[in-house]
Every structure is written in structure tokens, then in C-alpha cells.
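Novice: let me see the structure of the following:
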Amino acid sequence: MAFSNSQFVVFCYFITHLCLLFLLSLVAVYGLTCEEDPPCRDPGLDAPLMNKVMTIKTAQWAACAAAGKCPNTQAEDKSNVKCVSGMADEYPCQNVDLLSFLSHETLTGDAGDGNDIWGWTDSKGRDIAIMGTYDRTVIVDVSNPIDPSVLGFLMTHTVGSSWRDIKVYKNHAYIVSEARGHGMQVFDLTETENVPRISVFGGNYTLDVAVQFSETAYYNQFGNCHNIAINEDTGFAYAVGTGTCGGGGLHIVDIREPASPTYAGCFGADGYVHDTQCVVYDGPDTRYHDREICFCFNEDSLTIVDVTNKGSPSMIIKKNYVGVSYTHQGWLLPGKQFLLLDDELDELNYAALGGHTRTLVWDVSDLRNPVFKNAFSSKETVIDHNLYTLGDRAYLSNYCGGLRIYDTSKAETALSEVAYFDVSPQCSSTTFLGTWSNYPYFASGNIIVSSIENGLYVVKYNRQ
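Specialist: Numbering: from 1, shown residues only. Prediction:
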């Protein structure tokens, strides 16, 4: 049967659209990989500011190591030290007791400095600390906070790095690193539940009893990665600071099947993202209720992104502020009206601060027009790093200033410091030593704090 020209055109149109629908159905079922998605393949511009910051830090840590202080081989394990008259043994404190301290020598045999930390509670209700170090991730049972047990470790996927970051979703740890070609490690934490508990102070713990665990799964759609955030309400992970997505933007991974991570999408319109908090939004701005919103900290701005459609995220707003030097990280307060933000370099570069730590308070009740409200200036002349909020308290890891706890109940007008525990009394300056991060979310109320040069601290805030 012969086709007329018009019939042939209609036939070709029909076949083309049929093939397109077939391809789209394949994408819907199997998904794209990063390699198949042009926005993900876009390396964007190199991140010169981040590279500059990393160079400064690396030089300081190398000098500290050359002086024999990183890691600090003189640090002594401690247990159950009360904060009395402003001191817990050699540690300055206020309203915070030291439950225990484990040195890097105890944790890893001095296998490099510490970095990020996160927590997990197992099926038996035990608090577990997950701490990054130079060449591995260490897992410690801190459910007996005055006598912890080192359970084991997961080695880096490639080589060592001073940057490692961990988050947890559905009993699985997701680990990224600035190490070359590292990708994302996935580890099923339930493997630790039956490991014998040999406590450090009351048992016969030695390094050789720590179990070397193996990866449960591995995600290879990026190499080095600075940080990872997870929205536990949706089951999506957000890797940031990779060599993908426009130079380190949001690289979105579907982890709803925890041991089978798959590429989900990309946001690179604002370039490098240093850190982010992503939530299912239920705050004051009703226009965005039930949307998945990421509050991104993008070196020079607070950038808010709607990521509900993983295939096509959209930027809501990019906002700068006076004295911006390096927009590093931040966290929403309950109710989502206010957000706290830390700038990692303003203590060094913004002369008006005189080197004092600044924590910025933003009113984000209008997502399209966040407004800077006020800033808390600490009496300490140290650099801020990571902060988290719980109830009307904020828990800040401020490098040489240690763990600082702020009252946020009057955030609209002013924050106030109500407690602290200085994990690095040997440094009180604007240098990149001291505490890296903390985790304040255990139901027990105990807080775990990582120190770059010293090790792992378990502390208790005595609220007044």
C-alpha cells in the first residue's frame, strides 16, 4: 500500500512521538544516570574561593602536624568529669559536664585528625557516634556515656582526606569525602548491633578488637564531595561541592531504597553549594506548603531552592548580606520563621567584627524575600563552623571556641550564650583548629562533639 506525502508525514510524526513516549517511560522506570543528564555533567567553574579556603586550612593543619600537635598525642582519655567553677579538669566550661573523652590514639591509633560527626540510635535504644577521621569512619557506642565502646571502622573508599562528612537515613550511614574519586559510601549500621561491647575504661579494649566493616553499597556518580544533607521525610540525599551540577551544586540522590542509591536530579544555577538543609516546608509562607525546599549556603549568599521536582529544581531567591566572606552553613529554628547562618571567614575578613564570632539571624517567613534581622557577636575571637538547632537552643561548633550553646527563644531580637565546653583550651584564636561539629539529637540529651586534633567528646548540657 502506497502512502501519500501527507500520510507519510503523519506516520512519521506518530512513530516519532511513540518512540519519545517509550524513551520517557524508560526514564521513568529506570531513571537517568549523571552521565546521561547534561546538567549533571556540567562541571561549571572551578570553586576558587573554596580552593583558597582549603589551601589555608591544609597549611595550618600541616604546621600543627609538624609541631606534633595534630593529632594531639598527649591527649588523655577521660571519664565523668563535672564542670566545677568553670572548669572540667583542663577544659573551660559553663553548664556542661564532660561524660567521656576518647583520643585519636584510642579511636584509630593516631591515624590522622578528626572531622565530621553524626549520630544514630540502634534498635536497642543505644546511642551510636559516627565520626570521620583522615582515612576512615569510626563507630562508637556511647550509650554508656562515661564508658564508651569503640565498635569498629569503615576505611575510606580511595585515599585519605581531612574532609569527610556523614549523615544517616533508615539505619544506613552515607559517607562522602573530598578524597579523590571517593564517591558515596553506604553502610548498614545494623551490622554493628551484635558487635561485642568492650568498653574503653571498664573493659579490656585494645585497637585490635575494633571490627573493620565493609561498604554495604557504593554510589559512583561523583568523585570528591564536600558535604551531604539528607531529608529524612522524603528519602533524598543532597551531595554538595562535587565536580558535577554546575560546579558543585545540589547533586540529588534517591535513597528511598537505602542500599540502592540512584541519581535523581541536579541544581547548578547558583554554582557551588557548600552546605544545605532540605525540608518539607510547613512554615509561615503558605505558598510553599508541602513543597521540598533547600536552604543553601553558597559561599556568598543564602540561596533558597524549590527541589520538589527533582528533574527541574528552581531557585526561589539568592540573598547576600553585609560583611559576607564565606557563607558556610546554617539551620532553621523550629517553626521555620528564623534561620541561623554562620560565615566561616567574616571573623578574618570583616574588620567591623574585630575577630569576634558572628552568628546571623534571618527572618525567612517570606521565602521570596528573606530578611537579615540581627547578629550575635560572641566575646570569643574564634571562627564558627557548624551549628544545629533543637527546641529553643542552638549548638555551635566554633573551632577554637569549642561547643557553644545559645538561647534562641528571642531570636527576632537577640541570641544569648547560656553554656559552653571548650574542647581545645590550647587555642583561642581565629585558626582552623578545635571542634569540627557536634550532634545534639540523641533522646538521652547527651551531645557528641568532634575535635580535629584531640578526638571524640561526649558531654551533657545542664540546662538552668
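Novice: CA atoms for contacts and neighbours, from now on please.
Specialist: OK.
Novice: state the phi and psi torsions of Arg291.
Specialist: Arg291 has phi and psi values of phi -90, psi 150 when expressed as degrees, to the nearest 10.
Novice: ok, it to Tyr272 distance?
Specialist: Per C-alpha to C-alpha, to the nearest Å, Arg291 is found 23 Å from Tyr272.
Novice: over to Ile130?
Specialist: 26 Å.
Novice: so these two - more neighbours on which side?
Specialist: The neighbour comparison of Ile130 against Tyr272 (other C-alpha atoms under 10 Å) goes to Tyr272, with 30 against 26.
Novice: can you give me the neighbour number for the closest residue to Glu35 other than its chain neighbours?
Specialist: Spatially, and ignoring its direct neighbours in sequence, Glu35 is nearest to Arg41 (6.0 Å; C-alpha to C-alpha, 6 or more residues apart in numbering). Neighbour count of Arg41, defined by other C-alpha under 10 Å: 19.
Novice: ok, Arg287 next?
Specialist: Counted by other C-alpha under 10 Å, the residues lying close to Arg287 total 12.
Novice: ok but it is inside a helix, no?
Specialist: Yes - assessed with DSSP: H, G, I helix; E, B strand; the rest coil, Arg287 lies in a helix.
Novice: enumerate every residue touching it.
Specialist: Listed by C-alpha atoms under 8 Å, 6 or more residues apart in numbering, the contact set of Arg287 is empty.
Novice: any idea of the pLDDT on it?
Specialist: On pLDDT, Arg287 comes in at 98.
Novice: go on, Arg180?
Specialist: Looking at Arg180, its pLDDT stands at 95.
Novice: cool, Asp46 as well?
Specialist: pLDDT at Asp46 comes out at 67.
Novice: renumber starting at 11 from here on
Specialist: Sure thing, new numbering starts at 11, so read that last one as Asp56.
Novice: on that earlier part again, next up, phi/psi of the residue nearest to Glu45, please.
Specialist: Dihedral pair for Arg51: phi -70, psi -20, per degrees, to the nearest 10.
Novice: how close does it get to Glu309?
Specialist: For Arg51, the distance to Glu309 - C-alpha to C-alpha - is 22 Å.
Novice: can you check Gly333 too?
Specialist: 12 Å.
Novice: how many residues are close by Ala69?
Specialist: The number of residues packed near Ala69 is 11, by other C-alpha under 10 Å.
Novice: again, but for Ser322
Specialist: 12.
Novice: then Lys389?
Specialist: Other residues close to Lys389 by other C-alpha under 10 Å number 11.
Novice: residues contacting it?
Specialist: So Lys389 contacts His366, Thr367 (C-alpha under 8 Å, 6+ apart).
Novice: tell me the pLDDT of it.
Specialist: You'll see Lys389 listed with a pLDDT of 95.
Novice: ditto for Val20
Specialist: For Val20, pLDDT reads 41.
Novice: which SSE is Arg414 in?
Specialist: Secondary structure assignment for Arg414, by DSSP states H and E: strand 413-417.
Novice: so Asn61, which of the three states?
Specialist: Going by three-state DSSP, the secondary structure assigned to Asn61 is helix.
Novice: ditto for Ile66
Specialist: Three-state assignment for Ile66 (three-state DSSP): helix.
Novice: how near is it to Ala421?
Specialist: Distance, Ile66 to Ala421, by C-alpha to C-alpha: 33 Å.
Novice: so if I had to pick from these two, which one is more boxed in?
Specialist: Using other C-alpha under 10 Å, the more surrounded residue of Ile66 and Ala421 is Ala421, with 24 against 13.
Novice: which residues does the more buried one contact?
Specialist: With contact set as C-alpha under 8 Å, 6+ apart, Ala421 has these partners: Phe348, Val371.
Novice: note down every partner strand of the strand holding Arg414 and its orientation.
Specialist: Applying DSSP bridges, strand 413-417 is found paired with strand 403-407 (antiparallel), strand 426-431 (antiparallel).
Novice: take those strands and lay them out in a markdown table including mean neighbour count and distance to Gly258.
Specialist: Shown next, in a markdown table, are the strands paired with strand 413-417 (neighbours: other C-alpha atoms under 10 Å; distance: least, C-alpha to C-alpha, whole Å):
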| stretch | mean neighbour count | distance to Gly258 |
| --- | --- | --- |
| strand 403-407 | 24 | 24 |
| strand 426-431 | 20 | 34 |
